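Novice: based on what follows, work out the 3D shape:
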Amino acid sequence: MRTLVRQILALCGLALVPALGAMAIHPRHPGWDPNRLAEGEILLSKAEGLGRSVLWVDARSEKEHQAEHIPGAVALNEDRWDSLLGPFLEQWIPGQTVVVYCDSRLCNAGRSVAKRLQESGVAPVYVLKGGWEAWRQAHEKKRG
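Specialist: Below is the predicted model:
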């Protein structure tokens, strides 16, 4: 039995060497940096650094938006796209930076809304990394 365990450990050790080498030199190495951005994402600190020039878009449900949202955020979601696009366009100024958010980093609603806005000619459009949860947590820390 000990021989079998040693052989398994030796094989795992041998397999680990090329795996680590490939990980280190792979051109699309994903990394583990929590601040690493996917395409089209923006960090909260950078979005807030843009000040009042940002138009926040809440891609969550109408119920969630009414309960709480980023101050000044416009509701625009997939479910009510046709009825909510008009109010968005009334507030948007061409060339204005738009930051879309949904619940968290796992939420795809923000990406869907951002894509539809881009297809409609709105630019630049970003998705907030971490979504509503990132904003809420950051502002709870500021309050104390």
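
Novice: helix or strand: which one has residue 99?
Specialist: strand 97-101 (DSSP states H and E).

Novice: just the residues contacting that strand, thanks.
Specialist: Defining contact as C-beta atoms under 8 Å, 6 or more residues apart in numbering, one finds that strand 97-101 is touched by 42, 47, 50, 53-60, 70, 73, 76, 92, 110-111, 113-114, 117, 122, 124-128, 131-132, 135. For the C-beta atoms, the positions are set from N, CA and C on the backbone; glycine is no exception.

Novice: in space, what's closest to the residue most central in space within the chain - neighbours in sequence excluded?
Specialist: The residue lying closest to the centre of the chain (C-alpha atoms, centre = their mean) is residue 129, at 3.0 Å. The shortest distance from residue 129 to any residue other than its chain neighbours is 4.5 Å, reached at residue 41 (C-beta to C-beta, 6 or more residues apart in numbering).

Novice: need the three-state assignment for residue 57.
Specialist: Here residue 57 is strand, with the state taken from DSSP: H, G, I helix; E, B strand; the rest coil.

Novice: and the nearest residue to it once chain neighbours are set aside, how many neighbours?
Specialist: Here the nearest residue to residue 57 in space, its sequence neighbours aside, is residue 100; by C-beta to C-beta, 6+ apart that works out to 4.4 Å. Residues lying near residue 100 (other C-beta atoms under 10 Å) number 29.

Novice: now do residue 113
Specialist: Using other C-beta under 10 Å as the criterion, residue 113 is surrounded by 26 other residues.

Novice: what residues sit buried inside the helix or strand where it lies?
Specialist: Element membership for residue 113 (DSSP H and E) is helix 109-119. Buried residues in helix 109-119, counted by 16 or more other C-beta atoms under 10 Å: 109-114, 116-117.

Novice: the residue nearest to residue 57 pairs with what?
Specialist: residue 57, residue 127 (DSSP bridges).

Novice: quick one: residue 114 from residue 40, how far?
Specialist: If you measure residue 114 against residue 40 using C-beta to C-beta, to the nearest Å, the figure is 6 Å.
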